[in-house]
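Student: coordinates only, sequence not included:
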């Protein structure tokens, strides 16, 4: 398994399963990671799954991914709507990026409709709950494979 997809999770996602379950569901982040690891093994890729409440740590991980990952999936959570630093790091990484949200942000508060990530992402997934992570893995894997074959 030489291909590694970095999956980054932003602030408060460590509270999944207990935080606003009507919006985010009852699945924990550990459950999501287990599902991602199982799916990745099925399709022959590795997953590096991380969560941080600290913006700078997420930025550092994106920068490191330039040397270690074939693609990035990011659920930046609240930083989606505020972080120019994450935008710039993702842009500089030069890797396929899939932006991910558990909920459909367009059915929520208007401030959630603006993303600093979308303009540097190859695709955006929102509203599919925990299953969106599996979908994002498939998308990131496909995009990375397409880019590899073109270079």
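Tutor: All right, it came through fine. Fair warning: this is a prediction, and the values are worked out from it, not measured in the lab. Numbering: from 1, shown residues only.
Student: tell me where the chain has strands.
Tutor: 4-9, 46-51, 71-75, 97-101, 123-126 (DSSP state E).
Student: now do the buried residues in stretch 6-25.
Tutor: With burial defined by 16 or more other CB atoms under 10 Å, the residues of stretch 6-25 counted as buried are 6-11, 13-14, 16, 24-25. All C-beta atoms are positioned from the backbone trio N, CA, C, and that covers glycine.
Student: what's the answer for stretch 53-72, then?
Tutor: Of the residues in stretch 53-72, those buried by neighbour count under the rule 16+ other CB under 10 Å are 53, 55, 58-59, 61-62, 65, 69-72.
Student: chain center to it, what's the gap?
Tutor: 11 Å (CA atoms, centre = their mean, to the nearest Å).
Student: identify all contacting residues around it.
Tutor: Contact with stretch 53-72 is made by 3-8, 10-12, 14, 45, 48, 50, 52, 74, 76, 79, 83, 85-86, 89-90, 92-98, 140-141, 143-144, 148, as judged by CB atoms under 8 Å, 6 or more residues apart in numbering.
Student: let's see which of these end up in helices.
Tutor: With DSSP state H as the criterion, helices contain 85-86, 89-90, 92-93, 140-141, 143-144, 148 from among those.
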